[in-house]
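**Q** sequence below, structure please.
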Amino acid sequence: MTSPHTAPGRTVPDEILRALAAGSGGNAALELLNAVQHGKHLLLVRHIRALAPRTATGYDLLKEVQKNDREAADRVLRYPTVGVWAWRTARALEDGRSDDPRADGMALLAAAAAVRARFPAEIGVPVRDGAVTLPSLGRALLPGATTARVRSGPHGAAVTGGDASVAVPADPHRDAPGWQALRRLTAESGGRRLDLLLDDHDPYRMPGTARLGDRLPEAEVERWRATLRGAWELLVPRHWTICAETAAVLRTLSPLPAPEGGGQSSATAQHAFGGIGLSEPPHRHFFAVTFAHEVQHTKLTALLDAVPLTAPDDGARYRAPWRDDPRPVAGLLQGAYAHLGIAGFWRRQRHHESGDMATYAHTCFARWRDAALWVCRTLAASGGLTPHGRVFVAGMTRTLEDWAAEPVPPAALAAARAAEARRLADWRERNGPLPALQRAT
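**A** Got it, this is the predicted structure:
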């Protein structure tokens, strides 16, 4: 029996698997990965309907909207937090928790689709923490309300609960009285455009991470917009693949707190395809390399829903040069693929910097290509890959071996090796000797 938590019926042609393994994938791969995730969301939503009869009203409305305006329904169904909601709800229902309140979120999906399509409808929706959150749009603030209704139609929509009624503005991505929008982040350069939403309040955003609890003030959002424009202007002239992939797969950014002790953080979540989290970008280079890094995670996570690349965890753990803790094979693969993307960014960018920044860029390229190559060799020798996984890692290895032959200025190469030596010494102090397999690679 096919699991509803995967996307059956999708095969990955060998040429797409090889293209993704090399580091990018092209338009065909991006279309396939988007289709896999859309199919997964649809399966989960249908599965929830089958497990929870009380979701019938929302499910039926969603189907009606889809018949009349497929684009409006799909924009909701593809939204990253919908994947998280659907996966968690399905798991809860499968575990016998038929009264789990998360199932009532089906009505929120239907309401959001109806509002987007201006479809004539009225539906009861749950209130959480004094607000009704419509995925992909925003939230209506209804303090004190315990239940609410959404009414939509050709002339607009409103959310009513308790003594309050909130009109959804004609442009739902702008704030209005009682309405907190998912605000737009856009950038355009050289004829290429990036359209994202800043999701700083959906309860299902970035699961498993420490999230900022408060909605960002407008002044801070403007800083994000300005830094994003700078990053896009840096990427467009010379990082065409990163631009194409970012625009094709990303839909949302969610703010994360900066790590304690300084620095920046970024993350993806397994079931939130198209969403990434990051701390406030201090400059355009951080924003740009975050796209190079997190889009790799996004692609690989989507691919794994269609093709298993690693065998079941056998308990073996290995060193990853970018982590302080020993990692399983699946974690090594994710990290290596992400750092393939990071190395690829610095490989190009190093030739467009000067002074100390050029040395830094060369150092990052050398450090992360060598680290990713070492981990790929570990993966190949681990015995923890499926046949498709062996093909995938072999493709990564070929790309990284080609890059390893590219010259790097001696000062930058020495800095990269010194940084790795320090990190290795710290790892050994924390964890003990390297695993035997890695001492031989």
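
**Q** and residue 218, how many neighbours?
**A** Applying other CB atoms under 10 Å, we find 9 residues neighbouring residue 218. Any C-beta I mention is one placed from the backbone N, CA and C, and that applies to glycine too.

**Q** per-residue confidence for it?
**A** Looking at residue 218, its pLDDT reads 95.

**Q** next one: it from residue 174, what distance?
**A** 11 Å (CB to CB, to the nearest Å).

**Q** go on, residue 235?
**A** Counting by CB to CB, the gap from residue 235 to residue 174 is 27 Å.

**Q** higher neighbour count, these two?
**A** residue 235 (28 against 12).

**Q** quick one: contacts for the more buried one?
**A** Neighbouring residues of residue 235 by CB atoms under 8 Å, 6 or more residues apart in numbering: 242-243, 246, 288, 291.

**Q** could the residues you listed go into JSON lines alongside pLDDT and neighbour count?
**A** JSON lines is the format used below for the contacts of residue 235 (pLDDT from 0 to 100; neighbours: other CB atoms under 10 Å):
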{"residue": "242", "pLDDT": "96", "neighbour count": "23"}
{"residue": "243", "pLDDT": "96", "neighbour count": "21"}
{"residue": "246", "pLDDT": "97", "neighbour count": "24"}
{"residue": "288", "pLDDT": "97", "neighbour count": "25"}
{"residue": "291", "pLDDT": "97", "neighbour count": "28"}
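
**Q** which one among those gets closest to residue 186?
**A** Closest approach to residue 186 among the contacts of residue 235 (CB to CB): residue 246, at 12.7 Å.

**Q** all the strands of this structure, in order from the start?
**A** Taking DSSP state E to define them, one finds strands in the chain at 121-126, 131-134, 138-141, 147-153, 156-161, 164-168, 179-181, 183-189, 192-198, 252-255, 266-268, 275-278.

**Q** looking at those, which is nearest to residue 378?
**A** Nearest to residue 378, of all the strands of the chain, is strand 266-268, at 22.4 Å by CB to CB.

**Q** can you check which helix is longest in the protein?
**A** For the chain, the helix with the greatest residue count under DSSP state H is helix 355-382.

**Q** what helices and strands are in contact with it?
**A** helix 329-349, helix 387-404, helix 410-431, helix 436-439 (3 or more CB pairs under 8 Å, 6 or more residues apart in numbering; DSSP states H and E).

**Q** ok, residue 276 touching residue 268?
**A** Yes. In this structure, residue 276 is within contact of residue 268 by CB atoms under 8 Å, at 5.4 Å.

**Q** hey, what's in contact with both of those two?
**A** By CB under 8 Å, 6+ apart, the residues touching both residue 276 and residue 268 are 294, 298.

**Q** the longest helix of the chain: which residues count as buried?
**A** 358-380, 382 (16 or more other CB atoms under 10 Å).

**Q** and it with helix 329-349, angle?
**A** With axes from the mean of the first three to the mean of the last three CA atoms, to 10 degrees as the basis, helix 355-382 and helix 329-349 are set at 150 degrees to each other.

**Q** helices along the stretch 151-300 of the chain, start to end?
**A** For the stretch 151-300 of the chain, applying DSSP state H, counting those that start in this stretch gives helices covering 218-235, 240-249, 284-304.

**Q** save the ones you listed as CSV, and put in distance to residue 191 too.
**A** Formatted as CSV, the helices of the stretch 151-300 of the chain follow (distance: least, CB to CB, whole Å):
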stretch, distance to residue 191
helix 218-235, 12
helix 240-249, 11
helix 284-304, 18
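
**Q** so which of those helices gets nearest residue 150?
**A** The nearest among those, by CB to CB, is helix 218-235 at 25.9 Å.

**Q** which residues does residue 358 contact?
**A** With contact taken as CB under 8 Å, 6+ apart, residue 358 is in contact with residue 350.

**Q** likewise residue 394?
**A** Neighbour list for residue 394: 21, 380 [criterion: CB under 8 Å, 6+ apart].

**Q** what sits against the closest residue to residue 393 other than its chain neighbours?
**A** Among residues not flanking residue 393 along the chain, residue 379 sits closest, at 4.9 Å (CB to CB, 6 or more residues apart in numbering). Each residue near residue 379 by CB under 8 Å, 6+ apart is listed here: 329, 332-333, 336, 385, 389, 393.
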